[in-house]
Every structure is written in C-alpha cells, then in structure tokens.
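Asker: here's my sequence, what's the structure:
(chains A and B)
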Amino acid sequence: MSRYCVEISALYKTFKETNVLAIDNLNLNIPRGQIVGLIGADAAGKTTLLRLISGLLLPDSGEIRTLGLSPDRDKDLLNTKIGYMPQKFGLYEDLSIIDNLNFYADLKDIPRDFDKMLAFADLKRFETRPAGKLSGGMKQKLGLICALAGNPELILLDEPSVGVDPISRRELLKMVRETITDNTSVVWSTAYMDEAHGFDTVIVIDKGRVVYQGNPYELAPNTQEFEEKVIELMGGYKQEESPVAKNYAAPENIPDYTVEALDLVKKYGDFYAVKNNTFHIKKGEIFGLLGPNGAGKSTSFKMMCGLAKPTAGTARIMGTDIVEHPSRARARLGYMAQKFSLYQNLSVRQNLDFFAGAYGLRGNEAREAAARMVRVFNFEKYLDVNSGDLPLGYKQRLSLACALMHNPAVLFLDEPTSGVDVITRREFWNHITALAKKGVTILVTTHFMDEAEFCDRISLFYKGETIATGTPAELKKKAGAATMEDTFINLILSSEEK
Amino acid sequence: MKIVLAFIKKEFLQIAKDPSSLIIAFILPLVLLYIYTFGINLDDVNIRLGIKNDDAAPETALLVESFGQNKYISSVVYDDKDAMYQDIVRSRIKGALIIPNDFSQKLASGQTAAVLLITDGAEINQVSYTQNYVTAIVSKWLANSRYKESVVPAGVAVQQQYRYNQEVNGVWTLVPSSLAVTMTLIGILLTALVVAREWERGTMEALLSTHIKPIHIVIGKYVPYFALGMASLAFNVLIMIFVLDIPFRGSYTALFGVSALFLFSCLGIGLIISSALKNQLLASMASLVAGFLPALMLSGLIFPIKSMPLFFQYLTLLLPPRYYVSFIKSEFLSGTPAAVLLSDALYLLVLGMLFATLVYRKTSRRLNA
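Answerer: Numbering: from 1, shown residues only, chains lettered A, B, ... in the order given. Below you'll find the model as predicted:
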C-alpha cells in the first residue's frame, strides 16, 4: 500500500463555460493517516481539487490516483471508500435528522447505528426535527455524520466550518478526531487559519497550483504568524490607506450615541429569540455582536435596522425611533446582508445605479455616487460583468459599495466575511477600521475570532440574551483566557452552568 | 436493490411531507373536474338576442314570439334601433335581429325575403351558434306559416342522429379528457421539480459520492411518482363515475393500462426537463410549455386536431396527450376497438421507452461531464 492516499501529477482542469483554468499543472501527494488542511484564496481551486479527487469531475489531462484507484474508471469502487461532504451539503431539508441518516446509511450499505454519533454531536434530542429547521452549526454536524458514516478510508470535507461558531467548530473537529482510525486520511478545506494551524499537514493552493505543503508549525509557531505566512504565499497583502474612507463624506449633526437598543424583545410564539436587549453605541465605534449560531444575533440585528418588528422595546438610529419612523431611520444606515443580496443578473454598473436610486439619490448626485464607488473599489474592469459572475472578493466589495453609496453614518454588516479568503478579509477590515476613524458607527457580526479583536466593544450573545459586553481586553480578563476563542467558549460555558 | 428501495422510501417521505405534491395529485383534479363540469360549456345554450320588428303583419309577430319560446335563445324586443345597437356595444345582448318592413309583403308576393342578423365577430363560436339557431327558428316558422305554399319546399330533409353521446352532452367527453391534464400535471410538473431540486440543494453532489448508480436514481424517481399518478387516476375515475355520473362503457383494464403507459411517457418528459435544466424555476416554466399547454391545446381536448394547420397536426404525433385524449374519450363513451387501443398503447409505450432512455443517459454520475 502506498504511503499516499492521493497522488496527483501534472493535473489540468479548465471549465468550458467560463474558460477558466482552475487547476494548472498541479502536482501533489497527500500522505495517508493524517488530517490535512487545504487552504487558499477564493477561486484558488480548492473545491475543484476535492471534486477531482472524488471523481465528481474529470481532469483535462494529468494523472490522479485516489486510494490507488482511478477516479475515472473505478468511480463505483472508489465511492465505497470515501466520505465526501460538499460545501453546500446535501441534506434533505424536509426530512428529519434520523430519516436523513437512515437514507445515507442505506445508500452506503452500512448499519443504521447512529446513536453514538448523535449523542456526541448533541443532536439526539432533535432526532425527529426536519433538517431544514436546524441551526447552521447543527446542519454542518449532521452533514459531517453522513460523511463519516461507515468509516471511509478517505474523508473529503469542503469547508465544513464555514459560517459556524467557534464552539460548534471545535465540536466538528472533535467528531472527526474521535471517529477516525490511524489509517483514515482526512482532507479538510477551510478559510479559518486557526483551524488550519492545528492540522497535521497544510497544503496551500494558489491559482490552481500547490504553493506550500508541510507541517503548519514549521511554517509558523502561532496562528497570527501562520496567517502572515499564508498571506505571503498567496501573493501578499500591502496595507494602503483605504480609498473608501478617504472618499467618505460624513453627514453633519451626528449625535454622540448613534445606535441605541432599548429593551428589544422578539418572541416567536412562546420562544424568546431575543430577550431585553439594551445597548448604547457611540459615534465611530466598531461594535461586534458575537455568539453561537441561533443565539439571536441576526434577529437583534434585523430589529435594529428595521427589517424585523420588535415584539417589545425599540431602537434608535441617530436619534430616530425605528418603530415609529422605520423608513426615516433606515435612510440613515447602510446594510450589508449575510447572503450576497445584490441582483446577480444585473451588471456591476446596473447594481450601483439601482442602489443609488434605492437610497434616494437622484440625477447628478446618483451619478457621482456611482462613479465614486467605481473609482475607490476599482470596478472599471468589471463594470459590465453580471454581479453573479464576479469573483467572491469583488462581490463583497460590491455589497459594501452599495451599502456606502449614500454616505451613511451607521453601517450594519451581517457576517460580511463569511466564506471569504484571508486576503480579502484583510482588505475589508482595512476599509472598516478606516471608516470608523472617520466617524462611521459600525455594527458587525462575525464568527472569526481574530476579527473580534478589531472591534472596540463586543457584545456576546447566548440564547437571546447578552451575557457579556466590553472591550476585547475586558472580556478576555473576565473569562481568564488568553485568546478570543477561549474567551468566547469560557463565557458561554459559564453562562450555561448558571 | 436495497439502495433503490431506500431511495424510493425517501421520495415517498418527501412526497408525504410536502403538501404541494398531494395538492397537485388530489385537490387540483377536484378543482379541474368542477370547472369542466360546471364552468366550461362549449355548447352555447343561452344567447340573448335583441329583436326589432319593423313589419306590422300579424304573421311576423308570431315569428317574434317563436324566438321567445326557444330554449337556446332568450329574446329581448326593442322598439328603438339605436337603443339596440347600444346594447350590443355594451354586451348586454349578443346579437340583433331586424325584420324589415317589407318582409311579409315580399314573402306574400313570392319573392325572397331577408332578415338582418348582426353578431359580434370577436366571438367566433357564438356567431356560428347564433346563426344556426336563428336559421332554424326562421325555417320552422316559415314551414308553419301561411307563406309555406309560396316558397319552394326543400327536396331533402336532414335527420340527425348522434351516436355514442346521444344527448350531445359535452361534459361526457370533456370531463374524462381532463384526466389527460391531471396526469400531465403529476407526470411532468411534479417530476420536473424533483431532480432539479436535488441539484439546487446540493443533495445530488452528496448522492453522487455514495454507492448510488444512475440506474438507481432513475428507478427511484420513476416509481414513487408513478404510484402517485396511478392513485390520483383511481381517485379521479371514482369521482367521475360515482359522483358526476359520467357513463363509462369501456373496460377498466384498458383504461388503467393505457393510462399507465401515458403516465410513463409523461414522467419521462418531466425527468428529462429536470435533469437537463437543474433549476426548479426554469424546469417548472419548461414543463408548462412542454407539458401542460400541449395537453390542453394540442391534444384534441379543446381544439380538434383535424382543424389545426398541417404542421401542428404532425407535431401532435410526437406528443403523448394526443393518443391519450382520443383513447380516453372513446373508452368512456363506447369502449375502444382493439386495433385502435393497441396502436395508441404501442405509440405511448414507444414514446415512454424513448424518454426513459434519454432520462437514463441524462442522469450523470459526475458534475457537468
């Protein structure tokens, strides 16, 4: 038996429709019996590589052997030996957890014995709940159980932890570690550098080629330096003055407290999604909302920007009551939704023009705003490209551009960097911090703990309630932890004990 | 085998948990049956006709009166011509009949006399009905009037006899033919969504890396929707025969046998659309165009195939509803002769097999091959 679970030489793959060279002369041997992290910029070819390894795609040319088999000719046999979890995992949303599991067990011809895994993932008590009604973290755990079932020799996981909170992420990793044997190989693609740093081996891919393979500790001893090294490998990032902030013209008469939540409550039936939420956010502050999936962050967020009606309480944006005057309050803020919510089949130019109009800009004012955004975000090259076809990094820029067109004094960002690569995130935060310095108040939700460190103040959410508020340093001290991630976990665990 | 069973079971679970498929299979047919029975009537039975009589002769008064006694026409008598024209414009009456003042005089002197009938040319069907009714009423009146001597009697009298549908009751053929629409909805609309849904939600990518083979997916998609379609068929036939009292003079074996073949071919079309488009919205639009509209318009259900332009007549040969509608009409009214039954069944079987082969070939084991 070969030392390697995957052997690839001189691999090429082009996508015919877009004529994009996704894999460009890639050579790679992945060792057996390890957890291997796969990292790289967006569109670097990670997903394509995993699909080529599993035989879901066929290469243009080059040699690929997975577990000694050809993914082309021996796909049926190979399928029995691998567990694959695609990025958009295939759960049947209308079927219950247990129906989903039994179905995959029958397809893989393995016993329907999931009690241990379900208990381990803390899903046992939700067994009969439809998969569509689970939180993001729970869905990922369920998908992982399906992929792990039947002890496959090779497990391919395509960003299983994207959009998942730190606690659930640790649980995902623990589930994998406890299930696999010494001979199991795992290939795990991820955008979280802290996660990648903990793996046995990392492979860094850039523009369809392997640019690094080796032990992450050899690359850098800690996560922070590791991230710098990875960024360097991916072509580097040079911090420049943010042109976005430079061109930002702040409105006049901004009150000291720009965003205030006053006893906000949201109830669905008997269930409190948000309980008595109160905070006062100062002008120019970056305020982070953190918490596990389903803790009520998004609900609070939507209530504060007037997208959801509070059951009780209210919020004020720049002193305007959001319940009494929702549209007047909304006109003063910019909102960037969690999912890419621009018109995918309109071009960049058309999206900008539309949002200029939607934010009430007319005539010259609208044209100038659109032209300014094109200039500061370097959209010239993409003006006539449909926004759905943009590279992910540009999609994020376009979303931010649309939210900023009317020079709002308050910016709401709901998981703006979810699924975005490390360089794009750097660039994004460069804009955010620079905007805050110019007096823009920013509310942001995130699952990246390193991003939490960029916030002036953080509010930690759990089960609809704020369990801690303070600067990152204050929270770390309170939790007695060195890193933000440990702080997050400790504070939630201690709240659970109470 | 175990895999196919697991897949079929999963499909049934999804059908059971998704009310829309059950609504399409059982509630929608009820609505269709209701509309076909009470809502649509291709035979226009009650036409409001305005009449202005300019002839003072007592005989013409009898003519006006005989319009009042006809069950297909309700007449309104006008004194003012302009008022009558206005009511045509306002659609209060569907036609206008003017009896000129020299009508009886001409008849008495043995000349040809004319009445003026004005109808709304936008309603083609109604025009011909109105024309026929009016001609019939006038001829009947003429035959009994005192002018009957002065006009030459027709040498030939036509006696009409309707076979199979003695009452010429449109409901008897229209309602059974609605089965074609129901079965198309289940066969094409419902299945057009199911494969596309697997692609959209990413379940296909997960499926393709398990032990499943394309043949399992194909069988697993055909069987549940076939069962659902047949259940809906039985439900529909029960309602038609026992609730709506539609006479059934054919054989149940033939009815269910040919319906099964028709459903098989429809499922094929639906699955081809679904596997090719991989997008639920597109697939549902395509299934309307490829399934629902032909079943309604190119099947002989509403528009007779014989009166279509030649191109469309040939086009219908490729579409399953054509064979099914003609079969279902004759099966209900009289029973279909064996030769016709076999040829319809054979066509449907061939189309069904052809589609099934295409479905199998379209079901890939990889993402875009």
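Asker: write out the residues of chain B neighbouring chain A.
Answerer: Residues of chain B lying close to chain A by C-beta under 8 Å from any C-beta of the partner chain are B:2-3, B:5-7, B:9-10, B:13-14, B:17-18, B:198, B:201-213, B:365-369. Yep, even glycine has a C-beta here, placed from its N, CA and C like the rest.
Asker: which among these count as buried?
Answerer: B:3, B:6-7, B:9-10, B:13-14, B:17, B:198, B:201-213, B:365-366 (16 or more other C-beta atoms under 10 Å in any protein chain shown).
Asker: out of these, list just those in helices.
Answerer: Within those, residues falling in helices by DSSP state H are B:3, B:6-7, B:9-10, B:13-14, B:17, B:198, B:203-207.
Asker: so which residue of the stretch 351-498 of chain A comes closest to chain B?
Answerer: As assessed by C-beta to the nearest C-beta, chain B sits closest to residue A:388 within the stretch 351-498 of chain A, at 13.2 Å.
Asker: okay, now that residue: neighbour count?
Answerer: 13 (other C-beta atoms under 10 Å in any protein chain shown).
Asker: check contacts around it.
Answerer: Contacts for residue A:388 (C-beta atoms under 8 Å, 6 or more residues apart in numbering or on different chains) come out as A:344, A:345.
Asker: how about stretch A:419-438: buried residues?
Answerer: Neighbour counts over stretch A:419-438 (16+ other C-beta under 10 Å) mark A:420-425, A:427-436, A:438 as buried.
Asker: ok and the residue in the stretch 51-200 of chain B nearest chain A?
Answerer: Residue of the stretch 51-200 of chain B nearest chain A, by C-beta to the nearest C-beta: residue B:198 (7.7 Å).
Asker: please, which helix or strand holds residue A:116?
Answerer: When elements are assigned from DSSP states H and E, residue A:116 belongs to helix A:115-120.
Asker: correction: the previous question concerned residue A:44.
Answerer: Assigned by DSSP H and E, residue A:44 falls within no helix or strand.
Asker: can you tell me the SS state at the residue nearest to it when sequence neighbours are not counted?
Answerer: Once flanking residues are discounted, residue A:44 sits nearest to residue A:205: 4.7 Å by C-beta to C-beta, 6 or more residues apart in numbering or on different chains. Assigned with DSSP: H, G, I helix; E, B strand; the rest coil, residue A:205 falls in the strand class.
Asker: could you report the pLDDT at residue A:205?
Answerer: Residue A:205 carries a pLDDT value of 92.
Asker: go ahead and confirm it touches residue A:43.
Answerer: No: at 10.4 Å, residue A:205 does not count as touching residue A:43 under the criterion of C-beta atoms under 8 Å.
Asker: more neighbours, these two?
Answerer: Neighbour count, other C-beta under 10 Å: between residue A:205 and residue A:43, residue A:205 has more, with 25 against 16.
Asker: in the chain, where is pLDDT below threshold?
Answerer: All of this refers to chain A. For chain A, the stretches with pLDDT under 70 are A:1, A:340.
Asker: that answer is for a different chain, and I need it for chain B
Answerer: Scanning chain B for pLDDT under 70 picks out B:40-45, B:149-170, B:368-369.
Asker: try it again at 50.
Answerer: Low-confidence segments of chain B (pLDDT under 50): B:154, B:369.
Asker: quick one, domains of it?
Answerer: B:2-40+B:168-362, B:47-144 (automatic domain parsing).
Asker: looking at those domains, which is buried most?
Answerer: Mean neighbour count (mean count of other C-beta atoms under 10 Å in any protein chain shown) peaks for domain B:2-40+B:168-362 among those, with a mean of 19.
Asker: quick check: end-to-end length of that domain?
Answerer: End-to-end distance of domain B:2-40+B:168-362 (C-alpha to C-alpha, to the nearest Å): 23 Å.
Asker: go through the helix or strand that contains residue A:353 and flag the buried ones.
Answerer: Taking DSSP H and E as the criterion, residue A:353 maps to helix A:348-358. Across helix A:348-358, burial judged by 16+ other C-beta under 10 Å covers A:348, A:349, A:350, A:351, A:352, A:353, A:354, A:355, A:356.
Asker: how about the residues you listed in CSV, adding distance to residue A:463?
Answerer: As requested, these are exported to CSV (distance: C-beta to C-beta, whole Å):
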residue, distance to residue A:463
A:348, 41
A:349, 44
A:350, 42
A:351, 37
A:352, 40
A:353, 43
A:354, 39
A:355, 35
A:356, 40
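Asker: looking at chain A, which helix is longest?
Answerer: Secondary structure of chain A read by DSSP H shows that its longest helix is helix A:422-437.
Asker: and the helix or strand following that one, what other elements does it pack with?
Answerer: Using DSSP H and E, the helix or strand that follows helix A:422-437 in sequence is strand A:441-445. Counting contacts by 3 or more C-beta pairs under 8 Å, 6 or more residues apart in numbering or on different chains; DSSP states H and E, strand A:441-445 packs against strand A:257-268, strand A:271-282, strand A:286-290, helix A:297-304, strand A:410-414, helix A:422-437.
Asker: and if we set it to 6 Å?
Answerer: strand A:286-290, strand A:410-414 (3 or more C-beta pairs under 6 Å, 6 or more residues apart in numbering or on different chains; DSSP states H and E).
Asker: nearest to residue B:37, of those?
Answerer: Closest to residue B:37 of those, according to C-beta to C-beta: strand A:410-414, at 53.1 Å.
Asker: ok, residues contacting that closest one?
Answerer: Contacts of strand A:410-414 with the rest of the structure, by C-beta atoms under 6 Å, 6 or more residues apart in numbering or on different chains, involve A:258-259, A:301, A:305, A:317, A:333-338, A:440-445.
Asker: follow-up on the earlier one: okay, the domains of chain B in TSV with distance to residue A:95 next?
Answerer: Converted to TSV, the domains of chain B look like this (distance: least, C-beta to C-beta, whole Å):
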stretch	distance to residue A:95
domain B:2-40+B:168-362	6
domain B:47-144	50
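Asker: wait, which of those is closest to residue A:272?
Answerer: Closest approach to residue A:272 among the domains of chain B (C-beta to C-beta): domain B:2-40+B:168-362, 28.1 Å.
Asker: tally of neighbours for the residue in the stretch 301-450 of chain A that chain B sits nearest to?
Answerer: Residue nearest to chain B within the stretch 301-450 of chain A: residue A:345 (12.4 Å; C-beta to the nearest C-beta). Counted with other C-beta under 10 Å, residues neighbouring residue A:345 total 9.
Asker: care to break chain A down by domain?
Answerer: The record's domain parsing of chain A by automatic domain parsing lists A:4-233, A:243-332+A:408-497.
Asker: what is the end-to-end distance of the longest one?
Answerer: With C-alpha to C-alpha as the measure, the ends of domain A:4-233 fall 24 Å from one another.
Asker: off-centre distance for that domain?
Answerer: 16 Å (C-alpha atoms, centre = their mean, to the nearest Å).
Asker: one step back: just give me how far the longest helix of chain A sits from the chain centre.
Answerer: With C-alpha atoms, centre = their mean, you get 16 Å for helix A:422-437.
Asker: again, but for stretch A:374-389
Answerer: From the chain centre to the centre of stretch A:374-389 is a distance of 23 Å (C-alpha atoms, centre = their mean).
Asker: pull out the buried positions in that stretch.
Answerer: Of all the residues in stretch A:374-389, those buried under the rule 16+ other C-beta under 10 Å are A:374, A:376, A:377, A:379, A:382, A:387.
Asker: widest-spaced pair of those?
Answerer: Maximum distance among those (C-beta to C-beta): 17.2 Å, for A:376 and A:387.
Asker: backbone dihedrals for the closest residue to residue B:10 other than its chain neighbours, both of them.
Answerer: Distances taken as C-beta to C-beta, 6+ apart put residue A:103 closest to residue B:10, at 4.8 Å, once the chain neighbours are dropped. Backbone dihedrals for residue A:103, given as degrees, to the nearest 10, come out at phi -60, psi -50.
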